[in-house]
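J.: Fold the following and give me the result.
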Amino acid sequence: MKDLDSLGGILFFSLFVLAIVIAVLGISVLLRLARARETPSGGPPWVLLATLALLGVAWMAIFLPYLSVLPALVFFVLGARALIGGKGFSREGGAVMLLVGLGWAIYTAYQVVMAAWSLTVSGPIRVDILIVVPIMGVISFIGGKVPGSLSAFRADAVRPSVRTGDSEDR
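T.: Residues are numbered from 1 along each chain as shown. Purely as a prediction, here's the structure:
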């Protein structure tokens, strides 16, 4: 039981630190892309809905811990695709998406440890959920915002000029 307590604490602390890193790095990438685009953009409308769906997955992962492997795999694949310069993505922000995938993987491990811990106590009270689930919502929002900004940035990078019909590079 002592090992589960210490492992849970280590995973919680690493998830918290990783969330801070993702927030700082993700916001800086989003700001830089918005500045390079020179036009304010609200981003794709599906990001908020996807974030709410991922919050639902984070909540259900409390009871089914291995369910949170799916978002981890999605973010790992998107991040790897962005890093290798796949079609529709730029290398910018690929590291952010990989870190979000790592965050979901740590969340999976944390929920597995907490599920094992809850079997060893008579009345498990999970106050940590009030902190961990919003953390997953924030990093999922940032992770969902980056691919939309990357595709919008690539679409704005080469667009036809209104006067001459030629394309202009930004």
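J.: From V133, how far off is V127?
T.: Distance, V127 to V133, by Cβ to Cβ, to the nearest Å: 12 Å. C-beta here means a position set from N, CA and C on the backbone, and glycine is covered the same way.
J.: who has more neighbours, the two?
T.: Counting neighbours by other Cβ atoms under 10 Å for V127 and for V133 shows that V133 has the greater number, 16 against 7.
J.: Quick check: chain neighbours aside, which residue is closest to that one?
T.: Excluding its sequence neighbours, the residue lying closest to V133 (Cβ to Cβ, 6 or more residues apart in numbering) is A58, at 5.0 Å.
J.: Check the secondary structure at that neighbour for me.
T.: Following DSSP: H, G, I helix; E, B strand; the rest coil, the label given to A58 is helix.
J.: Can you give me the buried ones in the top helix by length along the chain?
T.: When the chain is parsed with DSSP state H, its longest helix is helix 2-37. Using 16 or more other Cβ atoms under 10 Å as the test for burial, helix 2-37 gives 4, 7-8, 11-12, 15, 18-19, 22-23, 25-26, 29-30, 33-34, 37.
J.: Okay, helices next: where are they in the protein?
T.: Secondary structure of the chain (DSSP H): helices located at 2-37, 46-60, 69-83, 94-118, 129-157.
J.: and the fourth one, what does it pack onto?
T.: Contact here means 3 or more Cβ pairs under 8 Å, 6 or more residues apart in numbering; DSSP states H and E; on that basis helix 94-118 packs against helix 2-37, helix 69-83, helix 129-157.
J.: any chance of the ones you listed in CSV, plus mean pLDDT?
T.: Below are the helices and strands packed on helix 94-118 laid out as CSV (pLDDT from 0 to 100):
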stretch, mean pLDDT
helix 2-37, 85
helix 69-83, 91
helix 129-157, 76
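J.: and those helices as a markdown table, adding distance to G123?
T.: Converted to a markdown table, the helices and strands packed on helix 94-118 look like this (distance: least, Cβ to Cβ, whole Å):
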| stretch | distance to G123 |
| --- | --- |
| helix 2-37 | 16 |
| helix 69-83 | 29 |
| helix 129-157 | 15 |
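J.: I62: which of the ones you listed is closest?
T.: I62 lies closest to helix 129-157 among these, at 6.3 Å (Cβ to Cβ).
J.: Over to V127: give its phi and psi.
T.: The phi/psi pair for V127 (degrees, to the nearest 10) reads phi -70, psi -20.
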